[in-house]
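>>> sequence and predicted structure, then a few things I'm wondering about:
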Amino acid sequence: MVDFFPSASRFGDADKPREECGVFGIIGCETAASHTALGLHALQHRGQEAVGIVTTDGDRFFAERALGLVGDTFADSTVLARLKGSAAIGHVRYATTGETILRNVQPLFAELAFGGFAIAHNGNLTNALKLRQQLIDNGSLFQATTDTEVIIHLMARAQNASTVVERLIAALKQVTGAYSLICLTKDSVIGVRDPAGVRPLVLGRLDGKPVLASETCGLDIIGATLERDISPGELIVLHTDGRVESFFPFDAVASRFCVFEYIYFARPDSDLNEKSVYAVRRRIGMELAHEAGINADVVIPVPDSGVPAAIGYAQAANLPFELGIIRNHYVGRTFIEPTDQIRHLGVKLKHNPNRAELKDKRVILVDDSIVRGTTSVKIVDMVRQAGAKEVHLRIASPPTINPCFYGIDTPSKEKLLASNHTLEEMRKYIGVDSLAFLSVDGLYRAVGEAKRNKEMPQYCDACFTGDYPLPLVDMTPEQKGKKRKALLHC
């Protein structure tokens with residue numbers, strides 16, 4: 001999901017890539033809204049800016065959308081009581097601090113020829129700007145500024161299609177890009193993954209009734225069991241009686257699941273593509289130790305995303321693992337106004353050194369990635385001020401040298417530290433005694449492959465390699481290295 005008129009300001013973890021959103025859907029459950037709210041709570045890490053739920057009782061549709069976290073709105077029983085029906089879909093959207101408008105909060109809803117239709121989207125349509133302009137030229141009126149609404153307008157114009165599924169297929173055959181969708185009609189919930197399967201989507205069961213979620217942690221919180229991952233290019237229709245219909249309406253392409261889900265985005269207690277995210281991250285750390293080991297006294301993770309990799313590094317290097325940096329989990333993005341003085345505090349709002357584990361130690365810091373590098377500079381400085389004798393930074397991913405156009409918010413190429421500096425220049429800028437990244441083949445070994453297949457890569461790794469698996473239709477060759485305004489994430 002991309003916003004055509006995004007805000008540019010960032011605060012908090014602005015030096016991390018941002019996932020676009022999380023989606024959830026359930027049918028045949030008398031407490032569908034409550035279960036959806038719980039599922040979205042488990043998926044909150046995928047989006048903290050806004051949340052929405054749409055339900056249906058088979059006749060009418062009910063919607064609640066709000067800015068903020070899931071608990072800010074859906075902890076209120078009176079709100080949930082307004083969401084009637086046994087089928088529901090929900091959406092969480094990732095965090096920024098700029099202008100946000102309620103009409104962009106998903107799921108989006110429209111009355112089409114066949115009746116009500118709601119849609120929640122994780123991903124990014126790379127030809128949405130072109131399609132949007134064509135639709136406007138032909139008389140379409142848009143209410144929101146996200147690419148997701150393009151799908152609704154394409155469905156409305158699919159007059160040769162006789163069913164909602166046929167209309168959705170007709171619409172999706174006109175778009176390019178990455179998407180996992182969950183849709184709601186008066187009598188079904190529909191889930192779809194793009195043909196390359198870039199973004200995740202899983203199917204579970206709760207008392208025999210089907211459930212969809214971006215990750216398995218969304219199933220776990222409501223007591224649902226995992227049935228399987230939705231396959232790339234698969235469209236499934238969930239019915240109230242528990243039936244699941246499966247279709248493969250798109251031309252087959254090579255699967256290119258986003259490898260960054262394993263590095264950073266997914267919760268470590270999730271399973272994606274039959275792989276434990278935690279186990280992959282631990283193996284990443286072990287590979288990193290084998291590739292870039294160094295004499296040191298202790299391995300320290302940059303919390304929280306660096307923890308599993310640091311555990312793996314410590315195990316492989318036979319070094320102590322300690323929590324040398326403590327994170328304050330209770331600082332939200334609205335805790336205090338982001339003035340220049342507060343921005344200068346930056347890391348100190350969320351991290352504090354555990355001096356007893358750092359003083360006079362040769363420290364190996366393990367973090368998941370480096371984007372701009374500004375946060376790394378502050379963390380390293382904090383560790384040195386706590387008395388560390390040496391600081392060696394190990395990054396549990398290859399250098400991020402390209403922006404993502406498939407549902408992850410990353411800066412433009414000129415703002416990516418690794419895209420414009422040598423390893424030695426980065427080391428000096430960050431202020432560490434040594435710096436090393438995981439190799440691309442090391443990453444592939446950690447996810448269970450012998451190495452990266454250069455002719456047919458097993459994953460989407462464009463942020464590391466520049467090998468974009470899906471067309472970048474709206475961009476000229478010069479713009480592919482940048483993020484023009486129309487393709488910045490909201």
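Yes, it's here. Numbers count the residues shown, from 1 in each chain.
>>> can you pull out the helices in the stretch 251-400 of the chain?
With DSSP state H, counting those that start in this stretch, the ranges of helices along the stretch 251-400 of the chain come out as 260, 277-292, 307-317, 340-345, 374-385.
>>> and the shortest one, how far from the chain's centre?
Chain-centre distance of helix 260: 9 Å, with Cα atoms, centre = their mean, to the nearest Å.
>>> equivalent analysis for the last one, please.
In terms of Cα atoms, centre = their mean, the centre of helix 374-385 is set 26 Å apart from its chain centre.
>>> now do the second one
Relative to the mean C-alpha coordinate of its chain, helix 277-292 is positioned 21 Å out (Cα atoms, centre = their mean).
>>> for the longest strand along the chain, packing partners?
As assigned by DSSP state E, the longest strand anywhere in the chain is strand 115-125. Contacts defined by 3 or more Cβ pairs under 8 Å, 6 or more residues apart in numbering; DSSP states H and E place strand 115-125 against strand 21-27, strand 50-56, strand 61-67, strand 87-93, strand 108-112, helix 148-156, strand 177-184. C-betas here are computed from N, CA, C, even on glycine.
>>> just want the angle from the helix or strand following it to strand 115-125.
Beyond strand 115-125 on the C-terminal side, the first helix or strand identified by DSSP states H and E is helix 128-137. Between helix 128-137 and strand 115-125, the angle comes out at 140 degrees (axes from the mean of the first three to the mean of the last three Cα atoms, to 10 degrees).
>>> may I see the buried residues of helix 128-137?
Ala128, Leu129, Leu131, Arg132, Leu135 (16 or more other Cβ atoms under 10 Å).
>>> what's that helix packed up against?
If contacts are counted by 3+ Cβ pairs under 8 Å, 6+ apart, helix 128-137 sits against helix 148-156.
>>> angle of the helix it packs on against strand 108-112?
With the same axes, to 10 degrees defining the directions, helix 148-156 sits at 10 degrees from strand 108-112.
>>> buried stuff in the helix or strand just after helix 148-156?
Later in the chain than helix 148-156, the nearest helix or strand by DSSP H and E is helix 164-172. By neighbour count with 16+ other Cβ under 10 Å, helix 164-172 contains the buried residues Val164, Val165, Arg167, Leu168, Ile169, Ala170, Ala171, Leu172.
>>> with pLDDT added, can I get these in TSV?
As requested, those are exported to TSV (pLDDT from 0 to 100):
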residue	pLDDT
Val164	96
Val165	97
Arg167	97
Leu168	98
Ile169	98
Ala170	97
Ala171	97
Leu172	97
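>>> which member of those is positioned nearest Pro249?
Using Cβ to Cβ, Ile169 is the member of the buried residues of helix 164-172 that sits closest to Pro249, with 4.6 Å.
>>> shouldn't Gly233 be within a strand?
No - read with DSSP: H, G, I helix; E, B strand; the rest coil, Gly233 is coil and lies in no strand.
>>> for it, give me the backbone phi and psi.
With angles defined as degrees, to the nearest 10, Gly233 shows backbone torsions of phi 80, psi 10.
>>> that one contacts Arg193, doesn't it?
Yes - between Gly233 and Arg193 there is a contact under Cβ atoms under 8 Å: 6.6 Å.
>>> of those two, which one has the most company?
Arg193 (27 against 20; other Cβ atoms under 10 Å).
>>> pLDDT below threshold where in the protein?
By pLDDT under 70, the low-scoring segments of the chain are 2-20, 95-100, 331-347, 473-490.
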